[in-house]
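# here is my input, please return the structure:
(one chain, ligands or ions: 1)
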Amino acid sequence: MFNNLSEKLDKALHVLKGHGSITEVNVAETLKEVRRALLDADVNFKIAKEFTNRVKEKALGANVLTTLQPGQLMVKIVKDELTELMGGDATGINLSGAPTVILMSGLQGSGKTTFSGKLANFLKSKKTKKPLLVACDVYRPAAVDQLHVVGDQIKVDVYSDKGNTDPVAIAQAGIAHAKENGHNVVIIDTAGRLAVDEAMMTEISNIHTAIQPQETLFVVDSMTGQDAVNTAKAFNDVLNFDGVILTKLDGDTRGGAAISIKSVVNKPIKFIGTGEKMEAIDIFYPSRMADRILGMGDVVSLVERAQEQFDEQEARKLQKKIAKNQFGFDDFLKQIQQIKKMGNMKDLVGMIPGAGKMMKDVDIDDDAFKHIEAIIHSMTVKERTNPAIINASRKKRIGKGSGTSVQQVNQLLKQFDQMSKMMKMMQGGKGKAMMNAMKN
Ligand code: GDP
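Numbering: from 1, shown residues only. Have a look, this model is predicted:
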C-alpha cells in the first residue's frame, strides 16, 4: 500500500535530519519534495499546494516551542495534517431504521458487489445484525448471480427478481422481504456503468428517492487516482451520499484518492477494501492511514485483526493439546488458516512499523503457506496426529502427493518438531519464568 509515496515522503523528510533547527530554507526544500511526492501519488494540485502551505506555517510557527528534533517535528506536523486531510476521526455508519437500508453506488468494476458482501459479513459478525443483500442490477444477469455466490459464501440471504426490469420496484420489494423475514439491515447493490452517464445517474437517484436509505455509500477503486475523485464529485452532486468506500488498497495504489477525496466531496471515507476475500474489509481510520503512509506501520489494526480471528474456546482446547503433547499437523493447519484470514501477507507485513520499508524489495508470496498446506494435505490422518511414524517411504509419498520435494517435507517436519518442543517448554515452568522475566 502506497509504497512509492511512503518512500518519497521518507526521503523528503530526511532532508531535515542533519539540521539543528528548522529554517525557512530547509523547510522550503523539504516541502518542495513533499509536494512532488504528493503530485506523483496523483493528489490534486490544489490540495497538495494547500497541504504544504499549512505544514510550512505550522513548522515555522512551532519552531521555538518544542524540544523535538527538526526531523521529528516535521514528521509529526505532516502526520497531523495528513490525518486532518483524510477526515480527522473515523466515521461509523448509521445503523438506525428498522430495517437499516444501505444503498451502494459506484461505477461498474469499482467493487460494489464484493463490498456489499464484505459489509454484510462484517455486520453479521456483530451478532445483533441479520443482513439481507438485494440485487438491483437489471442489465447484467451475471451481476445478480455474482451476488448470490457472495451470499452463499458468507451465508447471508440474497433477494433478487431476475425478470423484473424496474430497479426501484426490486429495491422496494427487497425491503418488504427484509421486514417479513426479520432482517434488520438491507444492503442494496445497484448497477454500475463503465463511465458516469445520465441514465445511470437518473436510475440511482430514483432508487435513492424511493427508498430513502439511512446510508448511501459511494464505492470507488483507489487505483483510479484523480479519476476516482472526479467520479466521486459527479455521484455526490446527484446523491449527496454519506460516505466513501475505497477499494483495492491492497494493490499498487498511488494513494491520491485516499488523500484527496475527503476534501473534494467533504464526505468521510468509511471503509476500505484490502483484497478480494470477504474478510478484507477495514474501518477507515485517518490517523492509522497517515501512519502507514509515513511508513510507521499500523500496529493497532494488526492487533485488532488478530483479535477478530481469536477464538477463546479454540485457544483453550489448543493449550490442553499442547500440554498433553497432542498438538498435531491438523492443529497446525488450523492455525495457518486463522493467520490467512487476517489478510494477505504483504498487507500484514506493511502494518509492522518499519517492516514495509525494510522488505520493500522482498517478494512476499501472497500464498506463503501454499507448500506447507499441500504437504499437510498429503498426509494421512494418522501421520498428522503422530508425525513420528513418517519414515522415508512415507516422506517420498507425501512429497509426490503435494508436488514438493522430500527436502521440503523434511524441513517442515523438522520445523514442526522444533515448534512442538518450544510450545511444550512455554507451557511448563520455563515458559512462566520467561513470561515473568519479560513483564519485569
Ligand atoms: P462491481 O462491478 O462494482 O460490483 O465490482 P465487483 O465487486 O464485481 O469487483 C470487480 C473486481 O474487483 C472483482 O474481480 C473483485 O474481486 C475485485 N475487487 C473488489 N474489491 C477488491 C479489493 O479490495 N481488492 C482487490 N484486490 N480486488 C477487489
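# show me the contacts for Asn410.
Asn410 is in contact with Lys395, counting by C-beta atoms under 8 Å, 6 or more residues apart in numbering. Quick note: C-beta positions are derived from backbone N, CA and C, even for glycine.
# and the closest residue to Asn386 other than its chain neighbours, what does it touch?
Excluding the flanking residues, the one nearest Asn386 by C-beta to C-beta, 6 or more residues apart in numbering is Gly328, at 7.3 Å. Taking C-beta under 8 Å, 6+ apart, we find Gly328 in contact with 321, 384-387.
# between those, which is nearest the ligand?
The nearest member of those to the ligand, counting by C-beta to the nearest ligand atom, is Arg384 at 32.9 Å.
# tell me the phi and psi of the closest residue to the closest one other than its chain neighbours?
Nearest residue to Arg384, sequence neighbours excluded (C-beta to C-beta, 6+ apart): Phe329, at 3.9 Å. When read as degrees, to the nearest 10, the backbone of Phe329 gives phi -70, psi -30.
# do I have it right that Phe329 meets Pro387?
Yes - counting by C-beta atoms under 8 Å, Phe329 touches Pro387, with 6.5 Å between them.
# these two: which is more packed in?
Taking neighbours as other C-beta atoms under 10 Å, Phe329 and Pro387 compare with Phe329 leading, 22 against 18.
# any idea how far Glu373 is from the more buried one?
10 Å (C-beta to C-beta, to the nearest Å).
# pLDDT at the residue lying farthest from the centre of the chain, what is it?
Going by C-alpha atoms, centre = their mean, the residue of the chain most distant from its centre is Ser393, 43.8 Å out. For Ser393, the model assigns a pLDDT of 94.
# state the distance from it to the ligand.
Separation of Ser393 from the ligand (C-beta to the nearest ligand atom, to the nearest Å): 43 Å.
# now do the SS call for that residue.
Per DSSP: H, G, I helix; E, B strand; the rest coil, the local secondary structure of Ser393 is helix.
# ok, it to Met379 distance?
To Met379, Ser393 is 13 Å away according to C-beta to C-beta.
# and what of Lys414?
Lys414 is 15 Å from Met379, by C-beta to C-beta.
# so if I had to pick from those two, which one is more boxed in?
Met379 (22 against 10).
# doesn't that one fall inside a helix?
No - applying three-state DSSP, one finds Met379 to be coil, outside a helix.
# contacts only, for Gln418.
Applying C-beta under 8 Å, 6+ apart to Gln418 gives no contacts.
# where's it, which helix or strand?
Gln418 belongs to helix 406-427 when elements are defined using DSSP states H and E.
# so what's the model's average confidence on that helix?
What helix 406-427 shows for mean pLDDT is 83.
# can you list the buried residues in that helix?
Going by neighbour count (16 or more other C-beta atoms under 10 Å), the buried part of helix 406-427 is 408-409, 412-413, 416, 420, 423-424, 427.
# and the stretch 151-300 of the chain, which residues reach the ligand?
192, 247-248, 250-251, 273-276, 280 (C-beta under 6 Å from any ligand atom).
# cutoff 8 Å now
Contacts of the stretch 151-300 of the chain with the ligand, taken as C-beta under 8 Å from any ligand atom, map to 189, 192, 219, 221, 247-251, 272-276, 280.
# so which of those residues is the closest to the ligand?
Checking those against the ligand by C-beta to the nearest ligand atom gives Gly273 as the nearest, at 2.8 Å.
# with adjacent residues omitted, what lies nearest to the closest one?
Thr247 (3.6 Å).
# do the same with Arg54
In space, Arg54 is closest to Glu81, 5.7 Å off (C-beta to C-beta, 6+ apart).
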